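# Based on what follows, work out the 3D shape:
(chains A, B, C and D, ligands or ions: 2)
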Amino acid sequence: MSGTNTTTSSTDWAAIRADFPILRREIDGAPIVYLDSGNTSQKPRQVIEAMDDFLRTGYAPINRSAYRLAGWATDRYEGARAAVARLINAPSADEIVFTKNATESMNLIASSWGGANLREGDAVVLTHMEHHANIVPWQMLAERQGIELRWVPLTEDGQLDLADLDQLLDGAKAFSFTAMSNVLGTITPVAELCRRAHDAGALAIVDACQYVPHNVTDVQVWDADLVAFSSHKMVGPSGIGCLWGRMELLDAMPPFIGGGNMIADVRLDGFTTAPVPAKFEAGTPPIVEAIGLGAAVEYLEGIGMAEIRRHEMDLTRYALDTLTERYGDDIRIHGPDNVEVRGGVLSFEFRDIHPHDVSQVLDERNVCVRAGHHCAKPLMRLLGVNATARASLYLYNDRSDVDALADALDGATDIFGL
Amino acid sequence: MSGTNTTTSSTDWAAIRADFPILRREIDGAPIVYLDSGNTSQKPRQVIEAMDDFLRTGYAPINRSAYRLAGWATDRYEGARAAVARLINAPSADEIVFTKNATESMNLIASSWGGANLREGDAVVLTHMEHHANIVPWQMLAERQGIELRWVPLTEDGQLDLADLDQLLDGAKAFSFTAMSNVLGTITPVAELCRRAHDAGALAIVDACQYVPHNVTDVQVWDADLVAFSSHKMVGPSGIGCLWGRMELLDAMPPFIGGGNMIADVRLDGFTTAPVPAKFEAGTPPIVEAIGLGAAVEYLEGIGMAEIRRHEMDLTRYALDTLTERYGDDIRIHGPDNVEVRGGVLSFEFRDIHPHDVSQVLDERNVCVRAGHHCAKPLMRLLGVNATARASLYLYNDRSDVDALADALDGATDIFGL
Amino acid sequence: MPGLEDLYREIILDHYRTPRNRGELPVPPARHAEGHNPLCGDEITVYLDVDGDGDDAIVSDVKVSGQGCSISQSSASMMSAAVKGKSVGEVRGLVRRFKSMMSIDTDGAEQADADISLGDLEALQGVVKFPVRIKCATLAWNTLTEALASSDPD
Amino acid sequence: MPGLEDLYREIILDHYRTPRNRGELPVPPARHAEGHNPLCGDEITVYLDVDGDGDDAIVSDVKVSGQGCSISQSSASMMSAAVKGKSVGEVRGLVRRFKSMMSIDTDGAEQADADISLGDLEALQGVVKFPVRIKCATLAWNTLTEALASSDPD
Ligand SMILES: Cc1ncc(COP(=O)(O)O)c(C=O)c1O
Ligand SMILES: Cc1ncc(COP(=O)(O)O)c(C=O)c1O
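Ligands and ions are numbered 1, 2, ... in the order given. Okay, here's the model as predicted:
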């Protein structure tokens, strides 16, 4: 398993930070304080260079041509698949499907698995903290096939309220839930949720978009059925996402996007499909992006996911403490206070200032946070806000970034005079 | 229009070739002769550097966050959309949808437009020279909605046989055809085909994947309704494709992939969609890839599409002549002989040697051609082969590449002794 | 970066803190439209009472509801004050004039409306220096245009 | 690059030019399976007459039809010659042995089958140096495995 035996002291976090060229960029004479990794992460030079080098010396088509350059490119592409499989401990690299992003992965699941297996009246259970990527595809399916959506409620401190879970799961065909909320930071008990889904005879589908980049992921320990995540949130390039699924499931699912590469044969009157994963990778795939993702996985493995998680837990604790100590009741941070069950995502209300204005004021000090609904409008309504400001941490952040955030918040007081 | 008034003499093709770093790579002490651009094209340093630079200094989320870095990135992303619109003379940049590849664009069309507008028994007309990307999505729709597919046949020399077109179009709801065949090189009379589709009350859908990279494209002169193409075939990065459509059409089409960015609002009981193009761009888009595509368009514009077309016509003529002069009846090149109606794609049979073996022998001299069915199995059956070898040219190729191909073919004779 | 004082002018903060014409109007007879800013989650609803027909009809009352940031809320408040009592034709001119100030292309209409006074709204000029906020400033105006275009209530 | 003579051995070209056991067998009683190499469009069908049950059953006849490159065709021809008359158990061992020569992981089965002689098939060893061609060489073998596994014809 990746880096589980690295000891804390061995990691030079300053050197890691230095791997990210953009963090050395200055705007108005001061460096960028990037606190928007929950949105999309920055890339280390190792990833940038792998892509650059491949484009300069190795670019070629995948799976189609027989000359050596094409063979080597295909090997690199498949190597990236193997790297992703290793990262999440998938039993086989062939169970990794490359998509364009986690959103496509979720749509593939809802449309292909859902389309083939759900009938009018069948229920799918979601939670109240889902990202739109794990809501809208099911609503689209509901429009087409009349399925019922059920929602797991939340507790006061932003965890899943599992009191009525068995009831919700009763008769349900699937339970699709996030492993970590992109708004609250809440880490859900994935293995337990998978078990309870299975006990109820439902499929366990995990949106691991916020989880994989920050934690040791083991889909076999989870005993999940289908798992979606994105490269761009885990120091990899944009333009590529992943889907992992158990082979029997993927094998039985109909294709989602049709075209070249996903077929065994095409005749005027119909087509037959290629084996998984090709079946789900129609058209020219994100070739350079896969190479970049492979390099990203190697970069993360080099540090160790357990080590990254420790770093982020430490930093999250520091952030929670610093902001509360400095601003007391003037700041309200959503989600659990216990960093054992939360990642480095801090959504907050600051006094009565609209998050958009908070973000504007922070931006004057180059502090980059997201203000908005974070593609989780149902959760926003539950929280009683239409937006929050959100600072999200990653392996390249350190305490100075948290301090910069805390300092910059003072600016908002000056302007809005509250 | 891009470069229509550049004169032939002004272009330094050697300098252009030098822009492509991979063409300087040597394998076994000799440079690569890349003749597989119909599959995927190589990238100039201008595109590679634009992506590299953006990753090092400008990477940020699109359309979501409000700090300046994110605003600038969004501007660059939208700038790429405007560049693509300019390249094909689209009336508005908002009519350009970024997808993952042309295959997704075609699936979006078939699933969204087709799904909403076609009923059991409705007919869609395709041609016998389509790529699987313009066949399988319609077959998938046929499976779901029972539509009928009709096929325009080909003439002896690999052009569309339009003798019975009106009959085929009679009562059809859409005519979806390629602007240029990826096997035969045939350029189809797109404007005429659009007109005849419209006369019959059918939508005109153009697979312009092989056309846009090599020709002046004007979707308004064509009077097309929906047009699909890919970045990676036009010196741009992998991982991004394009769809252009008339705004009224796109506006009326339901979403294809659901999730973040494509919504106006999401509630537990349903969602409303954002305006086009966001409606069709769910999830984190190919950000870096769009920046690269924008740079690719600028690169092509800098030379001028008309000028590129002239260069390729000249080279195609040279290739047809050289190969026929050298090998006479031993080589059979598919497709039209008139370069006015063919692009630089040369599929051929060489003696009785299997294309895969031809490609192997060529690879020993670093000559990269594709051997296979080129994702056009119905066309292969019509040609009576199960594969061809295919050399495809682009702006960075010159006569030395054609000569290298002709020379290397000799090697096949030595081994197979025919 | 231009100073934040260019953005957060006193008059803007005043409209933000004390928004004019907040509330709803009964529909019908009022027309209304709802606007979203997907970037920040802002939602706004504009209600209009319009008396008469065509460009000469008078916007006799206007109300705005919803939530948003200082820029979108103050812009909505100033918009409401500016359009109340004006004719539909005048309101359209004002919309064009405002959008042109926000440097949004209005097909050269700019010249024709150059003499329309924006009054308090001039304070929003500073937003142009903060391009991501332009959508905040124009949300109310786009929603106003939609409300005007929404089919006659009866 | 390793020389092409490593790939195109004389014995391979011989099997390519004069393929053994070409044709079809009536189904049923024969079992059959169809294989595709999506890379190059090669298609192959393997027909088997199997007498008896289980691992001791005998492959009494085998035919191969389809089109393909020199490597896939010669591999199919050599395969057909090698399996004809062998027991199903022996055939399975041969498949494992061949795949292991093609450096395709067969879960350590390699050792157990190391003593199985490949005969002419050894000539295909050179394919390993041309990784993209491995799929050509194994197409017939994968199709053979499928044909063996295809449900009893009656
Ligand atoms: C004519 C044609 N259409 C569609 C496609 C599919 O493009 P992509 O693989 O980029 O999706 C291709 C390229 O493979 C093509 O040549
Ligand atoms: C929890 C969660 N799920 C899904 C997504 C969608 O990922 P992507 O935008 O890469 O498709 C995101 C990120 O935006 C997310 O945070």
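
# Can you tell me how far the residue nearest the centre of chain A is from A:Arg119?
Per C-alpha atoms, centre = their mean, the C-alpha nearest to the average position across chain A is that of A:Cys209, at 1.6 Å. A:Cys209 sits 29 Å away from A:Arg119, taking C-beta to C-beta, to the nearest Å as the criterion. C-betas here are computed from N, CA, C, even on glycine.

# Now do the SS call for the residue lying closest to A:Gly79 once chain neighbours are set aside.
Distances taken as C-beta to C-beta, 6 or more residues apart in numbering or on different chains place A:Gly294 nearest to A:Gly79, at 5.7 Å, with adjacent residues excluded. Under DSSP: H, G, I helix; E, B strand; the rest coil, A:Gly294 falls in the helix class.

# One more: C:Asn142?
Under three-state DSSP, C:Asn142 comes out as helix.

# count of residues packed around it?
Counted with other C-beta atoms under 10 Å in any protein chain shown, residues neighbouring C:Asn142 total 18.

# so what's it up against?
Applying C-beta atoms under 8 Å, 6 or more residues apart in numbering or on different chains to C:Asn142 gives the contacts C:Gly35.

# what sits against C:Ile116?
C:Glu90, C:Gly93, C:Leu94, C:Arg97.

# rerun at 6 Å
Neighbouring residues of C:Ile116 by C-beta atoms under 6 Å, 6 or more residues apart in numbering or on different chains: C:Gly93, C:Leu94, C:Arg97.

# pretty sure A:Pro336 contacts A:Leu160?
No - using C-beta atoms under 6 Å, A:Pro336 is not in contact with A:Leu160, being 10.8 Å away.

# Can you tell me the SS state at whichever residue of the stretch 51-200 of chain A sits closest to ligand 1?
Per C-beta to the nearest ligand atom, A:Arg64 is where the stretch 51-200 of chain A lies closest to ligand 1, at 8.2 Å. Using three-state DSSP, the structure places A:Arg64 in coil.

# What number of neighbouring residues does it come out with?
Neighbours around A:Arg64, by other C-beta under 10 Å: 23.

# Could you pull up phi and psi at it?
phi -130, psi -40 (degrees, to the nearest 10).

# so where do the helices sit in chain C?
Per DSSP state H, chain C carries helices over the ranges C:4-7, C:10-17, C:70-83, C:88-101, C:110-113, C:134-149.

# want to try a markdown table for those helices, with distance to B:Asp75 as columns?
Converted to a markdown table, the helices of chain C look like this (distance: least, C-beta to C-beta, whole Å):
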| stretch | distance to B:Asp75 |
| --- | --- |
| helix C:4-7 | 18 |
| helix C:10-17 | 24 |
| helix C:70-83 | 19 |
| helix C:88-101 | 19 |
| helix C:110-113 | 22 |
| helix C:134-149 | 12 |
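
# I'd like the ones you listed laid out as TSV, including distance to B:Leu108 and mean pLDDT.
Supplementary listing: the helices of chain C in TSV, determined by distance: least, C-beta to C-beta, whole Å; pLDDT from 0 to 100:
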stretch	distance to B:Leu108	mean pLDDT
helix C:4-7	39	87
helix C:10-17	42	90
helix C:70-83	32	93
helix C:88-101	32	90
helix C:110-113	37	58
helix C:134-149	26	93
